[in-house]
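> what would the 3D arrangement of this be:
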Amino acid sequence: MRLLITFALFLFAFAKAYSQDITGVWKTVDEESGIVKSHVEIFEKDGKYYGKVLKVLDPAAPDIPLCVNCDGNLKDAPIEGLVIINNLEEKGKVYKNGTVLDPENGKSYECKIWLNEDNPDLLMVRGYILFLYRTQTWLRLK
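Now for the predicted structure:
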């Protein structure tokens, strides 16, 4: 009996260790041009999830891209290093109840994200206001 319980605990720990999650570095891609625009790191802190821009890759961006359309203390903040996803809570396979900032227009939106069920290397990122929403697909950087 103890052997069976030990084996079951081992399997659970193994499955948890190798299951895909949202943490890591993701490539954001412009849907129209197909150009990779940035690398964003999703990380967990105190039970909530955040996303920080590591690198802006958009060739049209200035050398030091700034959040010129942001308000308050984010006004003219460098986009690299900027936390654009805040306070997501894990609710099963979906992470929600947080916000996402669009550094191009300086607006924040309610946000939820989840892994594509068919391909865990695709992250679905949805920003929305009321019934209007837009979903982007981010690619896991390996």
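
> contacts, neighbours, all on C-alpha from now
Fine.

> quick one: low-confidence parts of this protein?
Residues of the chain meeting the criterion pLDDT under 70: 1-19.

> what are the boundaries of the strands in it?
24-29, 36-45, 48-56, 83-91, 94-102, 107-115, 122-129, 132-140 (DSSP state E).

> for K75, which of the ones you listed is the nearest?
strand 107-115 (11.4 Å; C-alpha to C-alpha).

> what's that closest one packed up against?
Here strand 107-115 touches strand 83-91, strand 94-102, strand 122-129, going by 3 or more C-alpha pairs under 8 Å, 6 or more residues apart in numbering; DSSP states H and E.

> what's in contact with that strand?
21-22, 69-70, 85, 88, 93-102, 121-129 (C-alpha atoms under 8 Å, 6 or more residues apart in numbering).

> follow-up on the earlier one: and the helices and strands packed on strand 107-115 as JSON lines, adding mean neighbour count?
Shown next, in JSON lines, are the helices and strands packed on strand 107-115 (neighbours: other C-alpha atoms under 10 Å):
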{"stretch": "strand 83-91", "mean neighbour count": "19"}
{"stretch": "strand 94-102", "mean neighbour count": "19"}
{"stretch": "strand 122-129", "mean neighbour count": "18"}
